[in-house]
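> just need the structure, nothing else, for what follows:
(one chain, ligands or ions: 1)
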Amino acid sequence: MDVPVVIMPTKRKPSAPATHHTLKLFATTAAGLEDVLAEEIQEIGGSNVTAKVRGVGFYGDLNTVYRANLWLRTAHRVLVALAEFEARDREALYANVRELPWHDHLSKHGTLAVDAVASTSEMNHTRFISQVIKDAIVDKFRDQTGTRPSVDANNPDLRLNARLRDNHCTLSLDTSGTRLHRRGYRSTYGIEAPLKETLAAGILLKSGYSGDQPLVDPMCGSGTFLIEGALIARNIAPGLLGRRFGFMQHPDFDRSMWQTLIADAKATIKRDGDPFISGSDISEKALRAARAAAQGVGVDDTIRLRRASFEDQKNRDNGMVVTNPPYGERLGEIGQLADLYSTFGDVLKKNCQGMTAHILTSSKFLAGRIGLRSHKRDILWNGPLECRLLHFRLY
Ligand SMILES: C[S@@+](CC[C@H](N)C(=O)[O-])C[C@H]1O[C@@H](n2cnc3c(N)ncnc32)[C@H](O)[C@@H]1O
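Next up is the predicted model:
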């Protein structure tokens, strides 16, 4: 089906409410999570959903944009295309950006930031690309009003995203603002290698967790799998946890539509049932962080936490073990961790028959030390680290 190339609607007119426009949207994610993100987007009603590299393209209206920010567990950012054009050099980029109706998105006293990514293009320096785009916007304001918006990299009123590929530029509004993995429920200062919330949710979904099975993380650290699991089991939208979103600063922010979506999301939280979600760790500090985060989210009554080594893992015969054991970033650590992985493999064999296990590790060598044959493996990226998510059936 042919979908018109859509540009973010500017000022709403009574005859054409913004909610009825078809917007061209792109949700970014970590490499390897595109398939689960595409499923999530189908579920919230996105149309023409297409998995791409590190993101998913789809179409929708403003309501879809708000729902995407509120509900997507594996997206980093939700982008709305403003314009697409050829940009081989500075002049073309500057002229195309300057032409756009920036007053519809930003006031002359507002602040802005521009993120850029570029590949296989004449202009490959992302800082340069951001700078040209900022120049075009602030020059236009200054020439028309005598006043110009300023730049605020951290907390701007308007965050733009430029993606240049084969000299073709897609310039988008970043409707999320701060990346969506920052759900607002935890501080991980001083905690060993906490996973990003979006990656933890993606691993759970890729492993088939639906919220109905028991979930155990015997090396839970700050509890990211457990908390994301509890959010899934209780059907809590990650965007309900009190953070702000970029779209709230937009002049067309539809507060009443947003409040309706929030009320609907609150009404669908599952308060009954007693999902079994349990975690342990040897580090008291990590457990403190896990408890604080669970309390912050309001799922502390759903998650059981205890201080224990995985070797004391209690026998269970159904459900899922999902964990990322220490992976040893420094030279020399890998050797020490080999024993931990092989002991962990033995514990899984002995104490977890009837369960499935889903283990994230960045080390092929350590993965081999588990001593079990995986029936499936996925490649995922934890920041710059290429990792394997190994899936095991424990008989
Ligand atoms: C990579 S971290 C897990 C991070 C966690 N997924 C999170 O998001 O915060 C590995 C954890 O394994 C724990 N650990 C190491 N040896 C352990 C053992 N024998 N039993 C239980 N936990 C252990 C560490 O204390 C650390 O918290």
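> which bits of the protein sit near the ligand?
Proximity of the chain to the ligand, by C-beta under 6 Å from any ligand atom, involves residues 191-195, 218-219, 221-222, 224-225, 281-283, 286, 309-310, 324-326. Every residue, glycine included, has its C-beta placed from N, CA and C.
> make it 5 Å
192-195, 219, 221-222, 224, 281-283, 286, 309-310, 324, 326 (C-beta under 5 Å from any ligand atom).
> helix, strand, or coil at residue 273?
Residue 273 carries the three-state label coil when classified by DSSP: H, G, I helix; E, B strand; the rest coil.
> neighbours of the closest residue to it other than its chain neighbours, how many?
Leaving out its chain neighbours, the residue that sits closest to residue 273 by C-beta to C-beta, 6 or more residues apart in numbering is residue 233, at 7.9 Å. Taking other C-beta atoms under 10 Å as the neighbour definition, residue 233 ends up with a count of 24.
> same check, this time on the one 3 residues further on
Summarising burial for residue 236: neighbours were counted as other C-beta under 10 Å, giving 21.
> then the one 4 residues further on?
As a burial measure, residue 240 scores 19 neighbours (other C-beta under 10 Å).
> that one reaches residue 263, doesn't it?
No. With contacts counted by C-beta atoms under 8 Å, residue 240 stays clear of residue 263, the gap being 10.5 Å.
> what residues are up against the residue nearest to residue 273?
With contacts defined as C-beta atoms under 8 Å, 6 or more residues apart in numbering, the neighbours of residue 233 are 211, 212, 215, 270, 273, 275, 277, 302.
> of all the residues you listed, which comes closest to residue 115?
Taking C-beta to C-beta as the measure, residue 211 is the one of those closest to residue 115, at 33.5 Å.
> backbone torsions only: list them for the residue lying closest to the closest one once chain neighbours are set aside.
In this structure, residue 211 finds its nearest non-sequential neighbour in residue 233, 3.5 Å apart by C-beta to C-beta, 6+ apart. Dihedral pair for residue 233: phi -60, psi -40, per degrees, to the nearest 10.
> equivalent analysis for the one 4 residues further on, please.
Dihedral angles of residue 237 (phi, psi; degrees, to the nearest 10) stand at phi -70, psi 130.
> next, count neighbours for it.
The local packing of residue 237 (other C-beta under 10 Å) involves 21 other residues.
> what residues sit buried inside the host helix or strand of residue 91?
Mapping residue 91 onto the secondary structure by DSSP states H and E places it in helix 90-98. The neighbour-count check on helix 90-98 (16 or more other C-beta atoms under 10 Å) flags 90, 92, 93, 94, 96, 97, 98 as buried.
> the last one reaches residue 137, doesn't it?
Yes. In terms of C-beta under 8 Å, residue 98 counts as a neighbour of residue 137; the distance is 7.5 Å.
> could you list everything residue 160 pairs with in the sheet?
residue 114, residue 173 (DSSP bridges).
> quick one: contacts for it?
When the contact criterion is C-beta under 8 Å, 6+ apart, the partners of residue 160 are 82, 112, 113, 114, 115, 133, 171, 172, 173, 174.
> now do the same end-to-end measure for stretch 106-116.
Distances were taken as C-alpha to C-alpha, to the nearest Å; on that basis the terminal residues of stretch 106-116 are 19 Å apart.
> ok, residues contacting it?
Around stretch 106-116, the neighbours that count as contacts under C-beta under 8 Å, 6+ apart are 126-127, 129-130, 133-134, 137, 141, 145, 147-164, 174, 251.
> what stretches of the stretch 251-395 of the chain score poorly on pLDDT?
Across the stretch 251-395 of the chain, the ranges flagged by pLDDT under 70 are 329-331.
> let me see the ranges of the helices in it.
Residue ranges of the helices in the stretch 251-395 of the chain, as given by DSSP state H, counting those that start in this stretch, are 255-267, 284-297, 333-351, 364-369.
> one step back: which one of the contacts of residue 160 is nearest to residue 384?
Nearest to residue 384 out of those is residue 115 (C-beta to C-beta; 17.6 Å).
> what is the neighbour count of whichever residue of the chain sits closest to the ligand?
Taking C-beta to the nearest ligand atom as the measure, the point where the chain comes nearest the ligand is residue 221, at 2.8 Å. By the measure other C-beta under 10 Å, the count of residues near residue 221 is 26.
> returning to that earlier point: from the contacts of residue 160, which two are the most distant?
Taking C-beta to C-beta as the measure, these reach their widest spread between 82 and 113, a distance of 14.8 Å.
> so between those two, which is more surrounded?
When neighbours are counted by other C-beta under 10 Å, residue 82 comes out ahead of the other of residue 82 and residue 113, with 24 against 20.
> what about the one helix or strand the more buried one maps to, average pLDDT?
Residue 82 belongs to strand 77-86 when assigned by DSSP H and E. Along strand 77-86, the predicted confidence averages to a pLDDT of 98.
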